[in-house]
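> turn this into a structure:
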Amino acid sequence: MSRLSTARLVAPSFTQYAAAIALCWLLVGAFALTLTPLPARTIGAGWSPLFWLVLAPACTLAGLRLRRG
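The predicted structure is shown next:
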């Protein structure tokens, strides 16, 4: 009879959760800007839609990447 080794379960870290959330946010934001009539720049909000839908999650991912080294 072969002995089964039990794998050690490791909980995902905060960095992995943050990266997963930022990646989902980036994909949904890019989808919203490309396939809906939402403009990247508005007169009232300026570049705010582009920033919050694409640039903010991209900056978060870049910061996590720089932090990891």
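
> and the next helix or strand past the least confident helix or strand in the chain by mean pLDDT?
Least confident helix or strand, the chain: helix 48-50 with a mean of 85, by mean pLDDT, DSSP states H and E. Downstream of helix 48-50, the next assigned helix or strand under DSSP states H and E is helix 56-68.

> other SSEs contacting that next one?
Contacts defined by 3 or more CB pairs under 8 Å, 6 or more residues apart in numbering; DSSP states H and E place helix 56-68 against helix 14-35. In this view, the C-beta of every residue, glycine as well, is placed from N, C-alpha and C.

> and the helix it packs on, what's buried?
Burial within helix 14-35, assessed by neighbour count using 16 or more other CB atoms under 10 Å, is assigned to 19, 22, 25-26, 29.

> before we move on, what about stretch 41-54?
49-51, 53-54.

> just to revisit the earlier point, got a list of contacts for the least confident helix or strand of the chain?
By CB atoms under 8 Å, 6 or more residues apart in numbering, the residues outside helix 48-50 that reach it are 33, 38-42.

> can you lay out these as CSV showing secondary structure, pLDDT and distance to S13?
Below are those laid out as CSV (DSSP: H, G, I helix; E, B strand; the rest coil; pLDDT from 0 to 100; distance: CB to CB, whole Å):
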residue, secondary structure, pLDDT, distance to S13
L33, helix, 84, 30
L38, coil, 73, 34
P39, coil, 79, 37
A40, coil, 77, 33
R41, coil, 83, 36
T42, strand, 81, 37
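
> A11: which of those residues is nearest?
L33 (34.1 Å; CB to CB).

> how about the contacts made by the closest one?
L33 neighbours (CB under 8 Å, 6+ apart): 40, 49-50, 53-54.

> how about 7 Å then?
By CB atoms under 7 Å, 6 or more residues apart in numbering, the contact set of L33 is 40, 50, 53-54.

> distance of the spatially most central residue of the chain relative to A30?
Centroid-nearest residue in the chain, with CA atoms, centre = their mean: A22, separated by 1.6 Å. According to CB to CB, to the nearest Å, A22 and A30 sit 12 Å apart.
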